[in-house]
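Colleague: Below: sequence and its predicted model.
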Amino acid sequence: MRRAIEGHHANAEAAMKAAFATAILPFLVTPAMAGTAVEAVRPFYDHVGLELDPAERGRFVDPAKAVLDARDQLEKSEQGDCLDANMPLDSTAYDKAELDRSLKIIGSETGDTAIVVAAFTAQGEPHRMQWKLKKVDGEWKVADLLSVTNEWALSQYQCQ
């Protein structure tokens, strides 16, 4: 009987600890932990092709948003596509394992602007991408994407 009571108390104590942890979790997530510029860029490497999904357009501001919106219109008109595939990967073919193994993302935030650099290896070659972000309503949005390696910028594309 004593073991049953002790077991009940242990279960009740564990349940109380879990409830407490769940209750305070929202207070532990600070703006510094969630919503960094690096965190805004990482999904583009976790889900390759995300930049071309019109449902994800809220991740962008002009000039990048304007180019992507123009690309969407061109595609809807069935006149083709004006952007290269895999832009966050410097428009190269890639191996997911090689990307995951080599990807390094660092960022620098200054007020409402940020620069994030993603360095990785694709097909055995090193690549470096620079992401320019702006903070809009407390969220980091992509304003431009540049290839340091191959010297192109999303903002320079003309999708008309």
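Modeller: Received, thanks.

Colleague: V116 and Q130 touch, don't they?
Modeller: Yes. Counting by CB atoms under 8 Å, V116 does reach Q130; the two are 7.5 Å apart. For every residue, glycine as well, the C-beta is placed using N, CA and C.

Colleague: Comparing those two, which shows the higher neighbour count?
Modeller: The neighbour comparison of V116 against Q130 (other CB atoms under 10 Å) goes to V116, with 24 against 15.

Colleague: In what element of secondary structure is that one found?
Modeller: Using DSSP states H and E, V116 maps to strand 113-122.

Colleague: Outline the domain layout of the chain.
Modeller: Under the assignment automatic domain parsing, the domains of the chain span 1-30, 31-156.

Colleague: the strands in this structure, which residues?
Modeller: Using DSSP state E, the strands of the chain run over 104-110, 113-122, 125-136, 139-147, 152-153.

Colleague: all helices of this protein, in order?
Modeller: Applying DSSP state H to the chain gives helices spanning 2-28, 37-41, 43-46, 64-76, 96-102.

Colleague: Can you list the low-confidence ranges for the chain?
Modeller: 1-34 (pLDDT under 70).

Colleague: Just the residues contacting stretch 82-97, thanks.
Modeller: The contact list for stretch 82-97 (CB atoms under 8 Å, 6 or more residues apart in numbering) reads 44-45, 48-52, 67-68, 70-71, 74, 99, 118, 120, 122-123, 125, 127, 129, 145, 147, 149-150, 154, 157-160.

Colleague: in that stretch, what counts as buried?
Modeller: Buried residues in stretch 82-97, defined by neighbour count with 16 or more other CB atoms under 10 Å: 83, 86-90, 92, 94.

Colleague: same deal with stretch 114-128?
Modeller: Neighbour counts over stretch 114-128 (16+ other CB under 10 Å) mark 114, 116-118, 120, 122, 127 as buried.

Colleague: would you turn the buried residues of stretch 82-97 into JSON lines with distance to K134?
Modeller: Listed next are these as JSON lines, based on distance: CB to CB, whole Å:
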{"residue": "L83", "distance to K134": "21"}
{"residue": "N86", "distance to K134": "24"}
{"residue": "M87", "distance to K134": "18"}
{"residue": "P88", "distance to K134": "18"}
{"residue": "L89", "distance to K134": "23"}
{"residue": "D90", "distance to K134": "22"}
{"residue": "T92", "distance to K134": "27"}
{"residue": "Y94", "distance to K134": "27"}
